[in-house]
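K.L.:
Need coordinates for the below:
(one chain, ligands or ions: 1)
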Amino acid sequence: MKKRTFIKTTLLGLAAFALPKKVSALEYYPNGPDKKWAVLYSTWCGSSRDAGVWISEGMDGIANVFDVRENPDLSDYENIVVGGSIRSGVTSDVMQEYLKRNAGLLKSKIRGLFVVCGNRMEAPGPEQTKLLIDDHLAKLCGVSSVPSKVFLGRVTLGLMDAQAREMMTRMNMPEYDNLKRAECMAFGREVLESI
Ligand SMILES: Cc1cc2nc3c(=O)[nH]c(=O)nc-3n(C[C@H](O)[C@H](O)[C@H](O)COP(=O)(O)O)c2cc1C
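P.N.:
Have a look, this model is predicted:
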C-alpha cells in the first residue's frame, strides 16, 4: 500500500471511532406519525425492554422505546413513560442517575411508571406498589398520582453475569417467565386514556 493511501485509510478509521454513537429508539410499528410519546426503560436481561415495547404496542405503537443506557435526549417528547427492572429493591444505577440528571426536563412529562420484578413469583399487591413505585421510582421522578404498574418478570440464567447467576443459584431460584404481554398492553392503553 502506498504511504499516502495508508495514512488516509488510518485517518478515516480513526474518524469513524471518534463519531458520537447514534441513539436509536426501537421503532417497530407503522402507526408512528405522532412522535410525542416515549417509553424509557432500564434492564439487565431484557424483561423491561419487552415490557416497554409491549406498553407501546398497547398504545398502537405511538411511543418510541429507549434504553436508558443510550442516554437519550427526550426533550422533543411531550409524554413519557418510565420503568425499570428491580435488583435488590431498586432500579439500575444508570436509571437512577439519568432521572436525577434529567429531573427538570422529565417531571412535567411523565404520564406513567412501571417496574418489573420477581416478587418471589407471587402476584404483586399494594405493598409492592408502595415499595417500588411510590417510595422509589415516583420519588426519583418527582411525581405522584400517575398511572403505575408492577409487573412480574422473568429469570433466564444464561443471560446473567456470573455474580447474579450465582446469587440466583444460591437462592434456589428456578428459571421462570411471568411477564405477560397482555398486561403490558393493557397498561399502555390505561396510560394513553389517562390524559
Ligand atoms: C441479582 C438479582 C436481584 C434481584 N432482586 C430482586 C428484588 O430485590 N426484588 C424482586 O422482586 N425481584 C428481584 N429480582 C428479580 C428481577 O427483578 C426479575 O427477574 C426481572 O424480570 C429482571 O428484569 P430484567 O430481565 O429486565 O433484568 C432480582 C433478580 C436478580 C437476577
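
K.L.:
This structure against the ligand: which residues are in contact?
P.N.:
43-48, 85-89, 116-119, 153-155, 160, 164, 167-168 (Cβ under 6 Å from any ligand atom). C-betas here are computed from N, CA, C, even on glycine.

K.L.:
What subset of those residues is buried?
P.N.:
43, 45-48, 85-86, 116-119, 153-155, 160, 168 (16 or more other Cβ atoms under 10 Å).

K.L.:
From those residues, which land in strands?
P.N.:
Counting by DSSP state E, the part of these found in strands is Ser85, Val116, Cys117, Arg154, Val155.

K.L.:
contacting residues around the nearest residue to the second one once chain neighbours are set aside?
P.N.:
Leaving aside its sequence neighbours, Val116 sits nearest to Gly153 (Cβ to Cβ, 6 or more residues apart in numbering; 4.0 Å). Contact criterion Cβ atoms under 8 Å, 6 or more residues apart in numbering gives Ser47, Ser48, Ala51, Ser85, Val116, Cys117, Gly118, Asn178, Leu179 as the residues in contact with Gly153.

K.L.:
distance of Gly153 from Leu132?
P.N.:
12 Å (Cβ to Cβ, to the nearest Å).

K.L.:
Need the residues touching each of the two.
P.N.:
Between them, Gly153 and Leu132 share these contacting residues under Cβ under 8 Å, 6+ apart: Cys117.

K.L.:
Hmm, Glu40 is touching Phe66, no?
P.N.:
Quick fix: residue 40 reads Leu, not Glu. Yes: using Cβ atoms under 8 Å, Leu40 makes contact with Phe66 at a distance of 5.1 Å.

K.L.:
In terms of neighbours, single out the busier of those two.
P.N.:
Higher neighbour count among Leu40 and Phe66: Leu40, with 28 against 22, using other Cβ atoms under 10 Å.

K.L.:
what are the bridge partners for the more buried one, then?
P.N.:
Phe66, Val82 (DSSP bridges).

K.L.:
mind listing what's buried in stretch 182-193?
P.N.:
For stretch 182-193, a neighbour-count test (16+ other Cβ under 10 Å) marks Glu183, Cys184, Met185, Phe187, Gly188, Glu190, Val191, Leu192 as buried.

K.L.:
Please spell out the segments of this protein that come in under the pLDDT threshold.
P.N.:
For the chain, applying pLDDT under 70 flags the ranges 1-35.

K.L.:
which outside residues touch the strand or helix carrying Glu127?
P.N.:
For Glu127, the host element (DSSP states H and E) is helix 126-128. Here helix 126-128 makes contact (Cβ under 8 Å, 6+ apart) with Cys117, Asn119, Val150.
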